[in-house]
Each structure stands twice: as C-alpha cells, then as structure tokens.
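Participant: Pasting the sequence and the predicted coordinates here, then a few questions.
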Amino acid sequence: MAAVSSDVAFWKAGEGDPGEIFDGLAEGVTEPLEPHSDVSWFRGELLSRWPDLIDVLEPADYDLLDTPEDGAKYVLLTLPVGMLDRLDTIFDLARKHGLSGFSGVADAAF
C-alpha cells in the first residue's frame, strides 16, 4: 500500500536521538529542542511560498498561543500525497537555514 502522507520534522538545535525527538514531537514533547531564529525564518518562508501548508504544519498557530517558543523550536509537516512534489524544495530551504530533522516515512535523520 502506498503512503498517503509523509511526516517530516525540522529543527536547528536539540539533544538526543533524532528518531526519539521526532517521536516525542508527535506526543507534544519539545523539551529536547532549543528555540532558534533559523527555525522561525524557515517556517515563515514555507508559509509565504505555500500558504496552504498552514493546514499540515505544526505547531499550529493556536498551539503557539500557549507555547510561542515552540514556533522557533521545530516545524513538523504532514504532507498529503498531493503536496509531496514540494519536498525537494522544502529540503533545500531546510539546508539553506542549516536545519536538521527526521523523516517518518524514511525512518531516517537528515
């Protein structure tokens, strides 16, 4: 069965195993990550290029009301099949900002 979405997370600075950080983000655990302006810039650039990513991006705007620093800690995207053609450009932007991360589908750090 083909994947119907792809989960990828990006961050700048964090302590621990990337796979464990990724799994923790799914549970709302952000403590291993440090806020960094490059993550905020990356998030802003993604949304300026593709405003519709707001629907598949975490932390969601309403989550940032309670934990605004999370917006500078990480970006987690759950891309449906119709948006997967953006992945190469998204990874290029992440590299431009010096971000690391993890792909849930590939089960690999980058």
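Facilitator: Structure received.
Participant: what's the average pLDDT for the helix ranked longest in the chain?
Facilitator: Assignment by DSSP state H gives helix 37-49 as the longest helix of the chain. Average pLDDT, helix 37-49: 97.
Participant: got a list of contacts for it?
Facilitator: The contact list for helix 37-49 (C-beta atoms under 8 Å, 6 or more residues apart in numbering) reads 10-12, 53-54, 57, 71-75, 77, 89-90, 93-94, 97-99. No exception for glycine: its C-beta is placed from N, CA and C like everyone else's.
Participant: So in the protein, where's the weakest helix or strand by average pLDDT?
Facilitator: One helix or strand of the chain scores below all others by mean pLDDT, DSSP states H and E: helix 61-64, with a mean of 87.
Participant: Show me the shaky parts of the protein.
Facilitator: Low-confidence segments of the chain (pLDDT under 70): 1-3.
Participant: What ranges does it have for its strands?
Facilitator: In the chain, the strands defined using DSSP state E lie at 5-11, 13-14, 33-34, 57-58, 74-80, 100-103, 108-109.
Participant: May I see those strands arranged in a markdown table, with distance to D23 and mean neighbour count as well?
Facilitator: Formatted as a markdown table, the strands of the chain follow (distance: least, C-beta to C-beta, whole Å; neighbours: other C-beta atoms under 10 Å):
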| stretch | distance to D23 | mean neighbour count |
| --- | --- | --- |
| strand 5-11 | 10 | 21 |
| strand 13-14 | 13 | 18 |
| strand 33-34 | 13 | 19 |
| strand 57-58 | 14 | 18 |
| strand 74-80 | 11 | 20 |
| strand 100-103 | 9 | 20 |
| strand 108-109 | 12 | 12 |
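Participant: want to throw these into CSV with distance to R43?
Facilitator: Output for the strands of the chain, formatted as CSV (distance: least, C-beta to C-beta, whole Å):
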stretch, distance to R43
strand 5-11, 9
strand 13-14, 15
strand 33-34, 13
strand 57-58, 7
strand 74-80, 5
strand 100-103, 13
strand 108-109, 20
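Participant: so G14 sits right up against E34, yeah?
Facilitator: Yes: with contacts counted by C-beta atoms under 8 Å, G14 reaches E34, the gap being 6.6 Å.
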